[in-house]
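Asker: here you go, sequence then predicted model.
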Amino acid sequence: MPKKFLVAVDGSEHGWKALDLAVDLANSSDAGLVITHVVHPEPVPDGLAQIAKAEGVPFEEEAARFYESRAFGDRIVIEAETRARKTGLKQVVTRVAEGHAANRIVELAENEGVDMIFLGSRGLGDVKSLLMGGVSHKVMNLAPCTCVAVK
């Protein structure tokens with residue numbers, strides 16, 4: 001039965017180390033690799049949205065932030081795919097998703113039927129995510145398969 005691994009990359013040092021480990025294991029076990037990055041949309045607070053709507057203020061700044069985050073995610077998965085393929089790995093697909101990182105990573109793992117998830121133990125998250133529990137911790141608790149957090 002073919003194996004499939006998922007690696008979540010976010011541009012952090014630990015994320016790149018997770019990619020390297022996933023690629024090494026995929027090469028040695030003839031596994032496929034799914035590379036993902038999750039863009040977390042920043043919603044406008046309800047009060048601000050109501051004021052902006054009443055005043056006719058457009059949300060170009062919010063849209064620009066979202067598209068910048070999406071472009072960053074696209075660049076990361078392209079770089080990760082390039083690094084994986086340079087090692088000779090042939091079975092590589094990329095996915096950029098939107099939403100809360102832990103939930104989307106677990107959802108993608110379930111949908112893709114992966115055998116193992118790799119991710120950095122610390123990413124580029126903010127203090128809020130540190131206090132609430134990091135993405136890697138949440139993924140390990142929610143995932144239907146083995147998870148490897150790389151430091």
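Answerer: Cool, the structure landed.

Asker: wouldn't Cys15 be in contact with Gly120 here?
Answerer: Residue 15: Gly, not Cys. Yes: checked against CB atoms under 8 Å, the pair Gly15 and Gly120 is within contact range at 4.0 Å. Yep, even glycine has a C-beta here, placed from its N, CA and C like the rest.

Asker: which residues do these two both contact?
Answerer: Residues touching both Gly15 and Gly120 (CB atoms under 8 Å, 6 or more residues apart in numbering): Ala8.

Asker: in the protein, spot the helix with the most residues.
Answerer: In terms of residue count, the longest helix belonging to the chain (DSSP state H) is helix 60-86.

Asker: host element of the spatially most central residue of the chain?
Answerer: Residue closest to the average C-alpha location in the chain (CA atoms, centre = their mean): His37, at 2.9 Å. Per DSSP states H and E: His37 is located in strand 32-39.

Asker: got it, and Leu108?
Answerer: Judged by DSSP H and E, Leu108 forms part of helix 101-112.

Asker: for Pro144, same thing?
Answerer: Per DSSP H and E, there is no helix or strand for Pro144.

Asker: apart from its chain neighbours, what residue comes closest to the residue nearest to the centre of the chain?
Answerer: Among residues not flanking His37 along the chain, Gly73 sits closest, at 4.0 Å (CB to CB, 6 or more residues apart in numbering).

Asker: low-confidence ranges in this structure?
Answerer: Filtered on pLDDT under 70, the chain yields the residue ranges 1, 42-64, 122-133.

Asker: send over the helix holding Leu108 as CSV, restricted to the C-alpha atoms.
Answerer: Provided in CSV are the C-alpha atoms of helix 101-112 (Å, rounded to 0.1, in the frame of the first residue of the first chain):
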residue,chain,number,x,y,z
ALA,A,101,-4.1,26.3,10.5
ALA,A,102,-4.6,23.3,12.8
ASN,A,103,-8.1,22.6,11.6
ARG,A,104,-7.2,22.9,8.0
ILE,A,105,-4.1,20.7,8.3
VAL,A,106,-6.1,18.0,10.0
GLU,A,107,-8.9,18.3,7.4
LEU,A,108,-6.4,18.0,4.6
ALA,A,109,-4.7,15.0,6.2
GLU,A,110,-8.1,13.3,6.4
ASN,A,111,-9.1,14.2,2.8
GLU,A,112,-5.8,13.1,1.4
